[in-house]
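Chemist: Just the structure for this:
(2 chains)
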Amino acid sequence: MNVSLQSALPEKLLMDSESERRVLSSMMHSEDACVEAYHALQSADFYSPKNASIFDLLCSLFEREIRPTYVELLKEAHSLGMLNSPRDVEEIKYITEHYIDDENIKYWIKRVKDKSRIRRFVDFLRFNYQILKEQPEQDVEQLLMKAEDNLTNLTALEIDDKIDTPEEMANLGYDEVERRFLRYQEIQKDHKGIIPLDGLPTGFDNLDHITLGYKAGDLIILGAQTGHGKTAFALHTAKSIAVNYGKNILYLNTEMSREQISLRWASILSDIEHDRIRMGDISQSELSMVLNGYSKLRSSGFYSYPCPNLTPEKTVSIARKFRTQKSIDMMIIDYVGRMEKHDPKLQEWQILEQIIKTQKLLAQNLKIAVMVLVQLNPDGSLQGAKRMKNECDLMLKLGPISREELEENELLNKYARKPNYYLDIEKNRDGRSGVRIPIIFDLQKQTMKDAERVAN
Amino acid sequence: MPSRNTDLKRLYDETASLIADMGIRGRISIEEMNFLLDLLELVLTNKEQSSFIQELKQWNPGIGEEEIDQIIKATLLNNKLKDFLSLSENREMIQDLIREKYKDG
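Modeler: Down below sits the predicted model:
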């Protein structure tokens, strides 16, 4: 049976030129399709070297924030000396003509990927066939064990589904303990006992102390009743991370227009009442303060995407795009109740649960923190709360302190300025929960801060 | 029946291929090729319909004053197309030249 495996197999089993062309064509015609293919495929998945080169060119344009259209591809290919004859143009044109409905992109990507895996399987067979032929006396047990190992790597074990060996688990654990040990030493020596953050600053010292910041892969849920500061909290977080800390953040808002969001920043950054800014009732010197505030925003890492028809799928593609192009460390969705729902048969809580699950996966896969804002019922409860709590790493609730409590709770008098809101930590995967943090929310200026206790 | 969307994609692809083909064959210069590709991108992908694009549609090169045609062309090729949309100076110059060309007609 001295035959080459590859030549014995029909070519159509090993390659699917049509699918390759359709994927490339849709990358050139749809930005969403491009995001999808960029993350799902590698140039090695393409059988045709020419298609692989085109894929690389499209990815390179995309990474440089140039929408990889056919025109851009032609210009790029020409500038790199890859477009030298009318035949080259004809070949690329033939690829672009393989139009698909943009929503079918996943189907065509899967076909390209499947063929790529088949080819790797054939390589595996050929490799083992060759070993058998050349080393017939080798230890059978070892041969089979090695083959099984290689075959296992070819099956469903993609990077995201990797299984840790005992050795890898032990190494990972030791590295983590060592990292914490060294950090503890550093805290004692350099930071005089103050624990540095593990993630992004929350904007509240007390919350930072308990959570050590919003970490990559974390899903944070913030619940508040309507009109009780959801957007103010989101922008306070954004200010802390993108303006003060200089990290990149993507803010998705389903309710407000670009103008409304940009106006909110005026009061947050200048400490001037929002109503007066809206009416234009400010002095010349206050106008300078506003200008000064916006200059901080200009050099910050705050990227805003107002999107009234946001869907869970869209959040995935936007987050991937911004992760690649802007290296965002966090995404905030303000807020989830306004997202478009495709399946009318599902109950509200089922839809919310699906959205939350998607966001958790997204946070883990992209290694960013994702904050989702949800609306609480008038009684302060949250529909499907138990399920949401299971999925998230940190669950916070924001609400005003009742008038009765403000009058009767003696502890609240121990603050320099009386707090008017509580931030409740309902769940904290990495630390204490059930903690209530008093804060001051200035509704007029749309600002929030920790309530400071007076020293005894 | 192909959708309007597919028709638009086809129109875009055919035009881009034609421009690139002419550039490769040397029937137009590389600068002309890049300008035309940018213009196509602007109108069909970015859906740019500013007054500048409308003015350009009025320009009929090859008919009338040849010298003005040459000046308009040189001005267009020597600047980035996007600058004509953002910088009013450049835009006004082209608009004046087109008006000049047709003032007697």
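Chemist: How many residues are close by the closest residue to residue A:397 other than its chain neighbours?
Modeler: Sequence neighbours aside, residue A:424 is the residue nearest to residue A:397 in space, at 4.4 Å (criterion: CB to CB, 6 or more residues apart in numbering or on different chains). For every residue, glycine as well, the C-beta is placed using N, CA and C. By the criterion of other CB atoms under 10 Å in any protein chain shown, residue A:424 has 16 neighbours.
Chemist: same deal with residue A:178?
Modeler: In terms of burial, residue A:178 registers 10 neighbours under the definition other CB under 10 Å.
Chemist: Name the SS class of the residue nearest to residue A:397, please.
Modeler: strand (DSSP: H, G, I helix; E, B strand; the rest coil).
Chemist: check contacts around it.
Modeler: Taking CB atoms under 8 Å, 6 or more residues apart in numbering or on different chains as the contact definition, residue A:424 lies against A:396, A:397, A:398, A:399, A:435, A:436, A:437.
Chemist: Point me to the helix or strand that includes residue A:119.
Modeler: Here residue A:119 sits within helix A:105-134, counting by DSSP states H and E.
Chemist: which helices and strands does that helix pack with?
Modeler: Taking 3 or more CB pairs under 8 Å, 6 or more residues apart in numbering or on different chains; DSSP states H and E as the contact definition, the neighbouring helices and strands of helix A:105-134 are helix A:5-8, helix A:11-14, helix A:17-29, helix A:31-40, helix A:140-154.
Chemist: Mind checking these for the one nearest to residue B:48?
Modeler: Checking the helices and strands packed on helix A:105-134 against residue B:48 by CB to CB gives helix A:31-40 as the closest, at 17.0 Å.
Chemist: What mean pLDDT does the closest one get?
Modeler: In this model, helix A:31-40 carries a mean pLDDT of 89.
Chemist: got the angle between the following helix or strand past that helix and helix A:105-134?
Modeler: Scanning the chain past helix A:31-40 towards its C-terminal end, the next helix or strand to appear is helix A:49-63 (assignment: DSSP H and E). Using axes from the mean of the first three to the mean of the last three CA atoms, to 10 degrees, the direction of helix A:49-63 lies 130 degrees away from that of helix A:105-134.
Chemist: pLDDT (mean, whole number) over helix A:49-63?
Modeler: Helix A:49-63 carries an average pLDDT of 94.
Chemist: Would you mind extracting the C-alpha trace of the helix or strand just after that helix into CSV?
Modeler: Scanning forward in sequence from helix A:49-63 by DSSP H and E, the next helix or strand is helix A:70-79. The C-alpha coordinates for helix A:70-79 follow below in CSV (Å, rounded to 0.1, in the frame of the first residue of the first chain):
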residue,chain,number,x,y,z
TYR,A,70,-12.1,45.9,-2.1
VAL,A,71,-10.7,49.4,-3.1
GLU,A,72,-8.4,49.4,0.0
LEU,A,73,-7.3,45.9,-0.8
LEU,A,74,-6.4,46.9,-4.4
LYS,A,75,-4.5,50.0,-3.2
GLU,A,76,-2.6,48.0,-0.5
ALA,A,77,-1.8,45.1,-2.9
HIS,A,78,-0.6,47.6,-5.5
SER,A,79,1.6,49.4,-3.0
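Chemist: how far does the very next helix or strand once past helix A:70-79 sit from the chain's center?
Modeler: Proceeding N to C from helix A:70-79, the next assigned helix or strand is helix A:86-96, under DSSP H and E. Per CA atoms, centre = their mean, to the nearest Å, the displacement of helix A:86-96 from the mean C-alpha position of its chain is 36 Å.
Chemist: Pull out the buried positions in helix A:86-96.
Modeler: Using 16 or more other CB atoms under 10 Å in any protein chain shown as the burial criterion, the residues of helix A:86-96 that qualify are A:88, A:89, A:92, A:93, A:95, A:96.
Chemist: if we can go back for a sec, among the helices and strands packed on helix A:105-134, show me which one is buried the most.
Modeler: helix A:17-29 (a mean of 24; mean count of other CB atoms under 10 Å in any protein chain shown).
Chemist: on that earlier part again, which one of the helices and strands packed on helix A:105-134 lies closest to residue A:305?
Modeler: Of all the helices and strands packed on helix A:105-134, it is helix A:31-40 that lies closest to residue A:305, at 13.3 Å by CB to CB.
Chemist: Report the contact partners of residue A:399.
Modeler: Contacts for residue A:399 were tallied using CB under 8 Å, 6+ apart; they are A:224, A:225, A:228, A:376, A:380, A:421, A:422, A:424.
Chemist: Output the residues you listed as a markdown table; include the columns pLDDT, distance to residue A:146 and secondary structure.
Modeler: Rendered in a markdown table, the data for the contacts of residue A:399 read as follows (pLDDT from 0 to 100; distance: CB to CB, whole Å; DSSP: H, G, I helix; E, B strand; the rest coil):
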| residue | pLDDT | distance to residue A:146 | secondary structure |
| --- | --- | --- | --- |
| A:224 | 92 | 57 | strand |
| A:225 | 90 | 61 | coil |
| A:228 | 90 | 61 | coil |
| A:376 | 85 | 57 | coil |
| A:380 | 75 | 60 | coil |
| A:421 | 95 | 62 | strand |
| A:422 | 94 | 60 | strand |
| A:424 | 94 | 55 | strand |
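Chemist: filter the buried residues of helix A:86-96 down to the ones near chain B?
Modeler: Applying CB under 8 Å from any CB of the partner chain to the buried residues of helix A:86-96, one finds that A:88, A:89, A:92, A:93, A:96 fall near chain B.
Chemist: neighbours around residue 98, how many?
Modeler: Unless you meant another one, I'm taking chain A. By the measure other CB under 10 Å, the count of residues near residue A:98 is 17.
Chemist: Chain B is the one I meant
Modeler: Neighbours of residue B:98 using other CB under 10 Å come to 19.
Chemist: same question, residue A:287
Modeler: Taking other CB under 10 Å as the definition, residue A:287 ends up with a neighbour count of 15.
Chemist: Work out for me the element it sits within.
Modeler: In this structure, residue A:287 sits in helix A:284-298 according to DSSP H and E.
Chemist: what's that helix packed up against?
Modeler: Checked by 3+ CB pairs under 8 Å, 6+ apart, helix A:284-298 has helix A:258-270 packed alongside it.
Chemist: Can you report phi and psi for the spatially most central residue of chain B?
Modeler: Computing the C-alpha centroid of chain B and ranking residues by CA atoms, centre = their mean puts residue B:39 first, at 5.1 Å. The phi/psi pair for residue B:39 (degrees, to the nearest 10) reads phi -60, psi -40.
Chemist: What's the separation between the residue nearest to it when sequence neighbours are not counted and residue B:52?
Modeler: Nearest-residue entry for residue B:39: residue B:81, 6.2 Å, with adjacent residues in sequence omitted and distances by CB to CB, 6+ apart. Note on residue B:81: its distance to residue B:52, by CB to CB, to the nearest Å, is 9 Å.
Chemist: Residue A:248 now?
Modeler: In terms of CB to CB, residue A:248 sits 34 Å off from residue B:52.
Chemist: can you check residue A:65 too?
Modeler: Using CB to CB, residue A:65 is found at 24 Å from residue B:52.
Chemist: Residue B:60 too?
Modeler: When CB to CB is applied, the distance between residue B:60 and residue B:52 equals 16 Å.
Chemist: do the same with residue A:29
Modeler: Plainly put, residue A:29 is 26 Å away from residue B:52 if you go by CB to CB.
Chemist: Same question for residue A:257.
Modeler: If you go by CB to CB, the gap between residue A:257 and residue B:52 works out to 27 Å.
Chemist: And residue A:423, by the same measure?
Modeler: The spacing between residue A:423 and residue B:52, counted by CB to CB, is 52 Å.
Chemist: for residue B:47, helix, strand, or coil?
Modeler: Using three-state DSSP, the structure places residue B:47 in coil.
Chemist: Over to it: give its phi and psi.
Modeler: Comment: the main-chain dihedrals of residue B:47 come out as phi 50, psi 40, following degrees, to the nearest 10.
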